[in-house]
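Asks: Give me a 3D structure for the following:
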Amino acid sequence: MRRIITFAAVGAVNTGVYYGLYLLLRLVVPYLVAHVVAFVLAMVGSYFLNCRFTFRTKPSLRTFLLFPLSNATNFVITSVGLYLLVDLWHMNQQVSPLIAAAAAIPITYIVAKYILSEKQTGKQTEKQTVT
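Replies: Residues are numbered from 1 along each chain as shown. Have a look, this model is predicted:
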């Protein structure tokens, strides 16, 4: 339960970072470009926050390179959602990213948990088997 609460808190911070960057970038580039750049930058921050606080694991090049997989589904859902909300349903460009991001949270957690805790799970299994 602690992990889910912490993941949600990290997600809230990550969403704030993403949203702030999105709004700033939208002033100089089209909204989808702003979305992509803000998403990538926020994802890097999310990796380190989730390693430290949610899964309490040491960052590594391997997990850093795998972590974007946890966000691939998130990216697709938020990108398609943003497009649908803005272009098809004519919703506000400033509110739409928040709605699209909320829809992607559960899947992102499941994949992040697998990637960032896989190594620890293996170590725990080895220790239990040896003992």
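
Asks: pLDDT weak spots in this protein?
Replies: Low-confidence regions of the chain, defined by pLDDT under 70, span residues 118-131.

Asks: could you pull out the strands for it?
Replies: Taking DSSP state E to define them, one finds no strands in the chain.

Asks: Could you count how many residues lie near the nearest residue to residue 111 once chain neighbours are set aside?
Replies: Taking Cβ to Cβ, 6 or more residues apart in numbering as the measure, residue 111 lies nearest to residue 70, with 3.9 Å between them; neighbours along the chain are not counted. The C-beta positions use only the backbone N, C-alpha and C, and glycine is treated the same way. Residue 70 has 23 neighbours, counted by other Cβ atoms under 10 Å.

Asks: try residue 31
Replies: Applying the criterion other Cβ under 10 Å, we find 18 residues in the vicinity of residue 31.

Asks: roughly how far apart are it and residue 74?
Replies: Spatial separation of residue 31 from residue 74 under the definition Cβ to Cβ, to the nearest Å is 18 Å.

Asks: What is the burial count for residue 78?
Replies: Other residues near residue 78 number 24, with proximity taken as other Cβ under 10 Å.

Asks: Would you agree the residue nearest to residue 111 is in contact with residue 108?
Replies: Yes. Applying Cβ atoms under 8 Å, one finds residue 70 in contact with residue 108, separated by 5.8 Å.

Asks: show me the contacts for the residue nearest to residue 111.
Replies: 108, 111, 112, 114, 115, 116 (Cβ atoms under 8 Å, 6 or more residues apart in numbering).

Asks: And residue 56, its phi and psi?
Replies: Backbone torsions for residue 56, taken as degrees, to the nearest 10, come to phi 50, psi 60.

Asks: How much space separates it from residue 106?
Replies: Distance of residue 56 to residue 106, computed by Cβ to Cβ: 21 Å.

Asks: Which one of these two is surrounded by more residues?
Replies: When residue 56 is set against residue 106 and neighbours are counted by other Cβ under 10 Å, the residue ahead is residue 56, at 14 against 10.

Asks: Filter the contacts of residue 70 down to just the buried residues.
Replies: Burial by neighbour count, 16 or more other Cβ atoms under 10 Å: within the contacts of residue 70 this picks out 108, 111, 112, 115, 116.
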